[in-house]
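Chemist: My questions concern the predicted model and sequence given below.
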Amino acid sequence: MELDPLRGRKERLEGTVYHASADGRWLISANMTTVGVTPPGYGVQVPDEAVPRNIGPVEDDGFYLTDTATGRVRLLISIAEAIRRANPPVRISEPERQEIYGFHSKFNPQGDRGMLSLRWFPTTELRPFNIFKIGHDAMRFAWIVMGLDDGPVHCAIGPEKLEKGGYHATWFPDGHCISLNLNIDRVELRFVQFNADGSNLRKMLDATTDSGHPTVVPDGRHLLTDAYENEKAAFADGSVPLRWVDPTTGEEQTIARIPVRQPCPDRALRLDPHPAWDHSGRYVVFNGLVGGTRRVFVADIQSLLT
């Protein structure tokens, strides 16, 4: 549903939303009834028996594109087609014996390309599937990049590079490069970047330990990230920093200290600050836990940009 509270209007949309293009024309999403199969706590919660099982590369599920001008939705690309067309290929061992699902889907700032996350694991009868119960090592990942037309499909980063640790890919402001947390040296996670087709993979910083959800500031000259509560960058009291990092020098400062510790032990209900930018590049939005309640904060960081 698209709502306009200022004018009192609403319009029913056929598709679901994970991310909207910057101009608001397009919505992109994986199947919201299955995104919670690989990480609990995401998507639409439905009875387990109503969750489709994608055994092998399926043709009837994948990533969906909704046109907000008409409300119509179409399958942008199926999981089978993404794997079939990807160059370089997505390296999946015995794909017919894997359960393969879509997860993240993100437009670049220009809205002409999407970055799509595939996740898979050996098929199992255990339901509900829980990566925290079975073990994160059972999961494999890949990021697919494609346009909204019938152009090339790239496996920008595959399981062979992510097997020792890597997560939270995000577009650069230029819409051509992607940032990522990656164990590129097989020693410790680092902030890395690569081109949308997967070329020119390299570290952004050589010695700075990464954490959380890194994103390049719209000015292109700084890196902003948070931390998970269990990472080295976190504080011991259940709070985590909002880290402002200079990629050229590695110098950083904590611009906010955010309480995130939940009273519920279920990791599916964890709270991540997950900083995100407004279109102007002046304000950053993040989550926090205050007074036992999850809240959303907006910070004006104009003074850091001058």
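Modeler: Structure received.

Chemist: Break down the protein into its helices, ranges please.
Modeler: 79-85, 131-134, 159-162, 302-305 (DSSP state H).

Chemist: tell me, which of these is the model least confident about?
Modeler: Mean pLDDT per stretch puts helix 131-134 lowest among the helices of the chain, at a mean of 56.

Chemist: now the stretch 1-150 of the chain, which segments are flagged as low pLDDT?
Modeler: 125-136 (pLDDT under 70).

Chemist: I'd like the helices of the chain laid out as JSON lines, including mean neighbour count and distance to residue 261.
Modeler: No exception for glycine: its C-beta is placed from N, CA and C like everyone else's. Listed next are the helices of the chain as JSON lines, based on neighbours: other Cβ atoms under 10 Å; distance: least, Cβ to Cβ, whole Å:
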{"stretch": "helix 79-85", "mean neighbour count": "20", "distance to residue 261": "36"}
{"stretch": "helix 131-134", "mean neighbour count": "13", "distance to residue 261": "17"}
{"stretch": "helix 159-162", "mean neighbour count": "18", "distance to residue 261": "28"}
{"stretch": "helix 302-305", "mean neighbour count": "12", "distance to residue 261": "27"}
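
Chemist: So which of those is nearest residue 222?
Modeler: helix 302-305 (7.5 Å; Cβ to Cβ).

Chemist: neighbouring contacts of that closest one?
Modeler: Under the criterion Cβ atoms under 8 Å, 6 or more residues apart in numbering, residues 217, 219, 222, 244, 255, 281-282 lie in contact with helix 302-305.

Chemist: what about burial for the residues you listed, which qualify?
Modeler: Listed as buried from the contacts of helix 302-305 are 217, 222, 244, 255; burial here means 16 or more other Cβ atoms under 10 Å.

Chemist: Surely the second one and residue 215 touch.
Modeler: Just to be clear, that refers to residue 222. No - the pair formed by residue 222 and residue 215 falls short of the contact definition of Cβ atoms under 8 Å, at 9.9 Å.
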